[in-house]
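Asks: what follows is a predicted structure for the sequence shown.
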Amino acid sequence: MNGELLVFAAASAVAIVSALAMLFQKTPVKSVLSLVVTFFALAVLSVLLAAPFVAALQVIVYAGAILVLFLFVIMLLNLTQEAAERETRVVHRFLSAVSVLALGGILVGVTWRSGAPPVPVSASLNAIPATGVDGEIPMLGRLLFTDYLLPFEALSVLLLLAVVGALLLSKRRFE
Amino acid sequence: MNPATMSAAAAAGVSVMSVAPSAYLVVGTILFAIGLAGALLKRNALSIFLSIELMMNAVNLLFLTYARMRGDAAGQMVVFFVIAIAAAEAAIGLAIFVALFRARQTVDVDKINFLKW
């Protein structure tokens, strides 16, 4: 029909198939690599949703930093022999599958039937500009330092705490 | 999106989406369910953590969709904060797993039960 529909269908199919691949992979390394594909597809969907800055952030922070950290830890711990163990929890697996299918079905049904949220009458301050990246990043920056200044500063403290905590946890002995 | 809201959206300066927003919402929800299945079914703590990352990304997609539907950037700001908090969480979580592996030589959640009884 049109370009957006084609790109949307392709990116969603890639995202869902590689997420399923992540679910059914036995070794953690392959799971991480499948999830990288999912995150790239999600970045494509973000571009379609007029959020190119978030898409770039997604690729840089998620695919580029967090998943690389995962790969690093997996290879550091050398988990390959552990992944080959036999699965024994039959009841647990059955109940998990039933609850996931039930919750997923309910959520998909509800979101499919839900209409659009009300469009704000005067979308002046937070309005997403139609000019793409050139208009989006200044707007996000302005919001970050005006309306969202307190969460932004709290976030910087949180990141500092995370750095200190990670350093403390990776010390060999607690004394 | 019905015609009334579509014209309202056009009047508010929001460009009209040619793919139904519900389709994005359904994709995000399916990804959330897949992540939930991974969090429940996997035994390796790292794989469970990875599934939780997928769930957060699925919710990010929903936030972006609603931001687009409303033409309001608040949803994008929430995604920004979610990504930053996910980075902090990954650093702490992986450090915990490394410390755990040093103490127990395993990250299998069935064997990590020393807080259970």
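Replies: Received, thanks. Numbering: from 1, shown residues only, chains lettered A, B, ... in the order given.

Asks: pLDDT wise, what is residue 67 at?
Replies: Picked chain A for this. Per-residue confidence (pLDDT) for A:Leu67: 91.

Asks: let me rephrase: I mean chain B.
Replies: You'll see B:Ala67 listed with a pLDDT of 86.

Asks: any low-confidence regions in chain A?
Replies: Applying pLDDT under 70 to chain A flags residues A:1, A:79-88, A:115-135, A:172-175.

Asks: going by residue numbers, what spans are helices in it?
Replies: If DSSP state H is used as the criterion, the helices of chain A fall at A:3-24, A:28-48, A:52-57, A:67-77, A:90-113, A:133-145, A:149-169.

Asks: so which elements touch the fifth one?
Replies: Pointing back at helix A:90-113 there. Using 3 or more CB pairs under 8 Å, 6 or more residues apart in numbering or on different chains; DSSP states H and E as the contact test, the elements touching helix A:90-113 are helix B:21-41. Every residue, glycine included, has its C-beta placed from N, CA and C.

Asks: what does the first one give?
Replies: Contacting helix A:3-24 under the criterion 3+ CB pairs under 8 Å, 6+ apart are the following elements: helix A:28-48, helix B:21-41, helix B:45-70.

Asks: rerun that using 6 Å as the cut-off
Replies: With contacts taken as 3 or more CB pairs under 6 Å, 6 or more residues apart in numbering or on different chains; DSSP states H and E, helix A:3-24 sits against helix A:28-48, helix B:21-41.

Asks: roughly how far is that helix from the heart of the chain?
Replies: Remark: helix A:3-24 is offset 14 Å from the chain centroid, using CA atoms, centre = their mean, to the nearest Å.

Asks: just the angle between that helix and helix B:21-41, please?
Replies: Put simply, helix A:3-24 runs at 10 degrees to helix B:21-41, going by axes from the mean of the first three to the mean of the last three CA atoms, to 10 degrees.

Asks: out of the helices and strands packed on helix A:3-24, which is closest to A:Gly109?
Replies: helix B:21-41 (9.3 Å; CB to CB).

Asks: residues near B:Val27, how many?
Replies: Per other CB atoms under 10 Å in any protein chain shown, the neighbour tally for B:Val27 reads 26.

Asks: report the contact partners of it.
Replies: By CB atoms under 6 Å, 6 or more residues apart in numbering or on different chains, B:Val27 lies in contact with A:Ser12.

Asks: what's the separation between it and B:Asn57?
Replies: Computed as CB to CB, to the nearest Å, the B:Val27 to B:Asn57 distance reads 11 Å.

Asks: show the contacting residues for A:Ser18.
Replies: Contacts of A:Ser18 by CB under 6 Å, 6+ apart are A:34, A:37-38.

Asks: so where's chain B shaky on pLDDT?
Replies: B:1-17, B:117.

Asks: just give the nearest non-adjacent residue to the residue of chain A found nearest chain B, would you?
Replies: The nearest approach of chain A to chain B comes at A:Gly104, 3.1 Å away (CB to the nearest CB). Distances taken as CB to CB, 6 or more residues apart in numbering or on different chains put B:Ala33 closest to A:Gly104, at 3.1 Å, once the chain neighbours are dropped.

Asks: doesn't A:Ile106 make contact with the one you found?
Replies: No: B:Ala33 is not in contact with A:Ile106 according to CB atoms under 6 Å; the separation is 9.8 Å.

Asks: count of neighbours near the closest residue to A:Pro151 other than its chain neighbours?
Replies: Computed as CB to CB, 6+ apart, the closest residue to A:Pro151 that is not its neighbour in sequence is B:Phe81, at 6.1 Å. For B:Phe81, the count of nearby residues is 16 (other CB under 10 Å).
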